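[1] from the sequence below, what's the structure:
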Amino acid sequence: MPIPSAPLDLTHTEPDGQLPGTWYSTGELARLLRVDPSTLRRWRTAHPRQGPPYIPVSSRVVLYSARDVETWLTERRVIPGPVV
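    So this is what the prediction gives:
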């Protein structure tokens, strides 16, 4: 099955049941973050869990909300302080 060329865009629900917006598959998010897809799989199975929030659609399909990924990245942001 070919990987879609653009992230999944589910634009038919919201008032925060959170469906509309952009959703990434494991492969798409891995490319975006410049990591191997196995890294995302490892994060999902780590104890405690690591990485951005995800939704297991089935045993083989996992989706990541672009909003959740952005929040996760923002929380990990490091702002260097002055050198003392």
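[2] just the buried positions in the helix or strand that contains R44, please.
    Assessed by DSSP states H and E, R44 sits inside helix 37-45. Across helix 37-45, burial judged by 16 or more other C-beta atoms under 10 Å covers L40. (Each C-beta comes from the backbone N, C-alpha and C, glycine too.)
[3] repeat for stretch 74-84
    Applying 16+ other C-beta under 10 Å to stretch 74-84 flags no residue as buried.
[4] again with stretch 56-63
    V62, L63.
[5] ok, residues contacting the helix holding R44?
    Helix 37-45 is contacted by residues T26, G27, L29, A30, L33, R49, Q50, G51, Y54, V62 when judged by C-beta atoms under 8 Å, 6 or more residues apart in numbering.
[6] from those residues, which would you call buried?
    Here, 16+ other C-beta under 10 Å leaves T26, L29, A30, L33, G51, Y54, V62 buried among the contacts of helix 37-45.
[7] hang on, the fifth one in a helix?
    Yep, that's G51 we're talking about. No - checked against DSSP: H, G, I helix; E, B strand; the rest coil, G51 lies outside a helix; its state is coil.
[8] check which helix or strand covers the residue most central in space within the chain.
    By C-alpha atoms, centre = their mean, the mean C-alpha position of the chain lies nearest to Y64, the distance being 3.7 Å. Using DSSP H and E, Y64 falls within strand 62-65.
[9] next one: that strand to chain centre, how far?
    Centroid separation for strand 62-65 versus its chain: 5 Å, with C-alpha atoms, centre = their mean, to the nearest Å.
[10] export it to PDB, keeping only CA atoms.
    What follows is strand 62-65, C-alpha atoms only, in PDB (Å, rounded to 0.1, in the frame of the first residue of the first chain):
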ATOM      1  CA  VAL A  62      -1.300   4.900  14.500                       C
ATOM      2  CA  LEU A  63      -2.100   8.600  13.900                       C
ATOM      3  CA  TYR A  64      -0.600  11.700  15.400                       C
ATOM      4  CA  SER A  65      -2.400  15.000  15.500                       C
END
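[11] which residues are contacting it?
    Here strand 62-65 has contacts from 8, 18, 21-26, 29, 40, 44, 52-57, using C-beta under 8 Å, 6+ apart.
[12] for stretch 51-58, same thing?
    With C-beta under 8 Å, 6+ apart, stretch 51-58 has contacts from 29, 40, 43-44, 62-65, 68-69, 71-73.
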